[in-house]
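Engineer: here is my input, please return the structure:
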Amino acid sequence: NRMIITHLGDVGIGTTSPRAVGSGYKGLEVSSPSSGSSLWLSGFSDTTKGYLAMDTGGLNLTAITNHSLTFGTNNSPKMVILSGGNVGIGTTAINGSFGASNTILAVKGKTSGGEGIIQISGLGNNATDNVGRLSFHSYNETNPLVEIRAVRGNSDTVGRLEEYTANVKRSRLDENGAFE
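Structural biologist: Numbers count the residues shown, from 1 in each chain. So this is what the prediction gives:
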């Protein structure tokens with residue numbers, strides 16, 4: 001048998017005994033005893049493609065085309081991995097949405113008291129470039145409340161940290177450990 005639908009409604013491809021996650025669940029099992037197995041998805045005339053696969057390397061969830069992966073609950077997006085690898089948690093708008101391009105990670109949290117955002121950005125690789133920054137924002141604010149910047153020196157092994165509030169540099173820890 002290549003495919004079976006059991007009397008319980010479980011579907012098996014490559015197995016005659018498809019399993020479900022738990023009691024009362026319905027299952028779709030794709031099995032291959034000699035290689036990996038996958039579930040392939042495509043749409044819009046095959047312009048968007050992705051798969052869920054299991055092999056000896058582990059479980060893979062992959063968008064093959066230049067599209068993001070979005071995870072959600074309650075029919076609402078909660079986390080996104082953009083096609084370039086940047087990650088947003090609690091927000092799906094992470095590149096440039098909080099005042100900085102090249103955002104690597106943006107985490108937006110919500111409590112009964114309001115919302116806040118932590119943003120990590122990579123910004124450059126030349127002397128005096130901000131090579132990374134950690135920004136703390138209140139909800140929907142372009143300018144961060146507080147920001148810590150890693151600034152590259154004249155080589156890959158020299159740099160300093162700078163602390164900003166209200167977009168004004170307040171302190172600096174230089175490459176020698178001196179605090180200003």
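
Engineer: which intervals of the chain have sub-threshold pLDDT?
Structural biologist: Residue ranges of the chain with pLDDT under 70: 1, 92-104, 110-115, 123, 139-142.

Engineer: mind doing that once more with 50?
Structural biologist: Under the criterion of pLDDT under 50, the regions of the chain flagged as low confidence span 97, 99-100.

Engineer: okay, and the beta partners of the residue nearest the centre of the chain?
Structural biologist: To find the centre residue of the chain, average its C-alpha atoms and take the closest one (Cα atoms, centre = their mean): that gives Val87, at 2.6 Å. Partner residues in beta bridges with Val87: Ile81, Leu105, with DSSP bridges as the criterion.

Engineer: could you measure from it over to His137?
Structural biologist: According to Cβ to Cβ, to the nearest Å, Val87 stands 16 Å off from His137. Bear in mind the C-beta positions are built from the backbone N, C-alpha and C, glycine included.

Engineer: near Pro144, how many other residues are there?
Structural biologist: 23 (other Cβ atoms under 10 Å).

Engineer: pretty sure it contacts Ile120?
Structural biologist: No. In this structure, Pro144 is not within contact of Ile120 by Cβ atoms under 8 Å, at 11.7 Å.

Engineer: which neighbours do the two have in common?
Structural biologist: Common neighbours of Pro144 and Ile120 are listed as Ser135 (criterion: Cβ atoms under 8 Å, 6 or more residues apart in numbering).

Engineer: ok, and what's touching stretch 28-43?
Structural biologist: Applying Cβ under 8 Å, 6+ apart, the contact partners of stretch 28-43 are 10-15, 18-19, 48-56.

Engineer: does Phe71 lie in a helix or a strand, and which?
Structural biologist: The secondary structure element spanning Phe71 is strand 69-73 (assigned by DSSP states H and E).

Engineer: other SSEs contacting that strand?
Structural biologist: Applying 3 or more Cβ pairs under 8 Å, 6 or more residues apart in numbering; DSSP states H and E, one finds that strand 69-73 contacts strand 76-81.

Engineer: which strands or helices does the strand it packs on pack on?
Structural biologist: When contacts are defined as 3+ Cβ pairs under 8 Å, 6+ apart, strand 76-81 sits against strand 69-73, strand 87-89.

Engineer: check the offset of that strand from the chain's centre.
Structural biologist: Between the centre of strand 76-81 and the centre of its chain there are 8 Å (Cα atoms, centre = their mean, to the nearest Å).

Engineer: how big is the angle separating that strand from strand 69-73?
Structural biologist: Inter-element angle recorded for strand 76-81 and strand 69-73: 150 degrees (by axes from the mean of the first three to the mean of the last three Cα atoms, to 10 degrees).
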